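K.L.:
Quick one: sequence and predicted model below, then my questions.
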Amino acid sequence: MKISLAGALVTMLLAFAAGVAGIWVGARFLVPEPASKSPLHAMVHERLSLSAEQEDRLSVVEATFAQRRQTLEAEMQKANAELAAAIRVSEIAGPEVEAAVHHFHDAMGDLQAATIDHVFAMRAILTPEQREHFDEKISEALTSNAR
């Protein structure tokens, strides 16, 4: 079977576009906003009647996550810079472009995993009644765009 260069290039560009679209959807709808803006964080702090101990524990969890998120976002920016450099010097989506795309996907996946860990760390601090409200808000956030 013989594949033309044009056909291979179109396939690679479509795959790349699909990957970028997937990353955008993940970043837009799955990764929460920073604590200062997130409706989830606002709900937790304003509507769950947290104790002083819970507030203190959440502050530590949120600070840890903010630092981790900043590190992972910097890694995603680094991967984007690698991708830009690879595209500038490549005639086709070859190994350098593919490596940069994989680097970005890995960083994005790490950020998503860290976000999920953060949600469970916050959840663990809550009482069973508070968890019900928290879980409802999480469910709404994850399914609101699926409707």
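P.N.:
Ah, there it is.

K.L.:
For the rest of this, base every contact and every neighbour count on C-alpha atoms.
P.N.:
Noted.

K.L.:
Which positions within the helix or strand harbouring Gly109 qualify as buried?
P.N.:
Gly109 is located in helix 95-125, with elements delineated by DSSP states H and E. Within helix 95-125, the residues that qualify as buried are 96-97, 99-101, 103-108, 110-112, 114-115, 118-119, 121-123, 125, counting by 16 or more other CA atoms under 10 Å.

K.L.:
Which neighbouring elements make contact with the host helix or strand of Met76?
P.N.:
Element membership of Met76, judged by DSSP H and E, is helix 52-89. In terms of contacts (3 or more CA pairs under 8 Å, 6 or more residues apart in numbering; DSSP states H and E), helix 52-89 is packed against helix 95-125.

K.L.:
following the helix it packs on, which helix or strand comes up?
P.N.:
Per DSSP H and E, helix 95-125 leads on to helix 128-143 as the next helix or strand towards the C-terminus.

K.L.:
what's the angle from that following helix to helix 95-125?
P.N.:
Note on geometry: by axes from the mean of the first three to the mean of the last three CA atoms, to 10 degrees, helix 128-143 and helix 95-125 are set 150 degrees apart in direction.

K.L.:
Give me the distance between stretch 87-101 and the centre of its chain.
P.N.:
23 Å (CA atoms, centre = their mean, to the nearest Å).
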